[in-house]
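1. I'll drop the sequence and a predicted model, then ask my questions.
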Amino acid sequence: MIRKDRVNNTPFSSDNEELVYSAPLTDKVFKTDSAKAYQILKGLILGTPAWAWIKELDRAACARKSMTALRTHYDGPGMTRCCLVSAKTIISGTKYLAEHTFLFEKYVTLLKAAFETLTECEEGMTTNAQVYTLLKNTECTNSQVMAAVAAVRVSQTLQSSFTNSANAISEPVSLVFPDTQGKCMLLPLRRTERGAAEEAAEAGEAEAAGAVVVVEAAREVAPMLLLTFPT
């Protein structure tokens, strides 16, 4: 685990977190562990754009210094803005029509990930706003699915949780479309020019491509997404 520096003296969230921050960063054991962690990190990003940001530190083979360099770049304002634009584009442009065009499970997972990105960038949406987006973007015309959407819309209990709301719609979806579960693929962005995708991201807009839009600009932050686990 490559821990971040503590910026204040707030209480630890768990005994494990306290143990992590109690480990020294100078002794022989640290140097050995750091070298091992660096090899894991290097193996994950070698050959990706992220490698350029730690290549100069390769001889030192220090995971902590390398991770700090990556965080400085990928947690910077430019990349944060890129993540925000991509998340907002997904939220506004991802639609659910039917299982044969786009799985409901993939639909809600994309939304959930985008909501989490906004929260991490300190622009999080309230639970009610998340559920409203889920319902608004569910454009399936099947009567059973529409009934489930309507039930969520009038239930304060369901609207208090994005997960519960998604589950309430997921059940009738699985009953209505039993033969298409697990057989669909994500539809790509249908644009002829990369510049068009970037313009859409800049404007915070997206156009439907069958059932969902996947903005190419989001691919630019793949290294950041890859490197979120060792915090």
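-> Yep, it's here.
2. From here on, just use CA atoms for contacts and neighbour counts.
-> Noted.
3. And the helix or strand containing residue 134, what's buried?
-> Here residue 134, judged by DSSP states H and E, is contained in helix 127-137. Neighbour-count burial for helix 127-137, counted by 16 or more other Cα atoms under 10 Å, picks out 130-135, 137.
4. go on, stretch 155-165?
-> For stretch 155-165, the neighbour count (16+ other Cα under 10 Å) marks 158-159, 162, 165 as buried.
5. farthest pair in those?
-> Spatial extent of these (Cα to Cα) is set by the pair 158 and 162 at 7.7 Å.
6. What segments of this structure are strands?
-> Counting by DSSP state E, one finds no strands in the chain.
7. quick one: low-confidence parts of the chain?
-> Applying pLDDT under 70 to the chain flags residues 1, 7, 179-231.
8. most centrally placed residue in it?
-> Central residue of the chain (Cα atoms, centre = their mean): residue 113, 3.7 Å from the mean position.
9. sorry, back to before: list just the nearest of the buried residues of helix 127-137 to residue 51.
-> residue 130 (35.3 Å).
10. mind listing what that closest one touches?
-> Contacts for residue 130 (Cα atoms under 8 Å, 6 or more residues apart in numbering) come out as 115, 162.
11. do residue 16 as well
-> Residues near residue 16 by Cα under 8 Å, 6+ apart: none.
12. how close does it sit to residue 175?
-> Plainly put, residue 16 is 43 Å away from residue 175 if you go by Cα to Cα, to the nearest Å.
13. if we can go back for a sec, now, the buried residues of stretch 155-165 that are in helices?
-> Filtering the buried residues of stretch 155-165 for membership in helices, criterion DSSP state H, returns 158-159, 162, 165.
14. Present the residues you listed as a markdown table; the columns should include distance to residue 79.
-> Putting those into a markdown table (distance: Cα to Cα, whole Å) gives the following:
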| residue | distance to residue 79 |
| --- | --- |
| 158 | 34 |
| 159 | 32 |
| 162 | 27 |
| 165 | 31 |
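15. Just name the closest of these to residue 34, please.
-> Closest approach to residue 34 among those (Cα to Cα): residue 162, at 39.2 Å.
16. Got the domain ranges for this structure?
-> 23-74, 81-223 (automatic domain parsing).
17. and among those domains, the most buried is which?
-> Comparing these by mean neighbour count (mean count of other Cα atoms under 10 Å), domain 81-223 ranks first with a mean of 17.
18. Next, residue 103: phi, psi?
-> The phi/psi pair for residue 103 (degrees, to the nearest 10) reads phi -60, psi 140.
19. Can you report how many residues lie near residue 19?
-> Residues within reach of residue 19, counting by other Cα atoms under 10 Å, total 10.
20. Excluding sequence neighbours, find me the nearest residue to residue 116.
-> Residue nearest to residue 116 in three dimensions, not counting chain neighbours: residue 124, with 7.4 Å by Cα to Cα, 6 or more residues apart in numbering.
21. Could you double-check that that neighbour sits in contact with residue 113?
-> No - using Cα atoms under 8 Å, residue 124 is not in contact with residue 113; the gap is 11.6 Å.
22. what's residue 117 in contact with, if anything?
-> Neighbouring residues of residue 117 by Cα under 8 Å, 6+ apart: 83-84, 87, 124.
23. Turn the residues you listed into CSV, including distance to residue 144.
-> Shown next, in CSV, are the contacts of residue 117 (distance: Cα to Cα, whole Å):
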residue, distance to residue 144
83, 35
84, 34
87, 29
124, 31
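24. Among those residues, which one lies nearest to residue 74?
-> The closest of those, once distances to residue 74 are taken by Cα to Cα, is residue 83, at 9.8 Å.
25. how close does that closest one sit to residue 113?
-> From residue 83 across to residue 113, the span is 11 Å (Cα to Cα).
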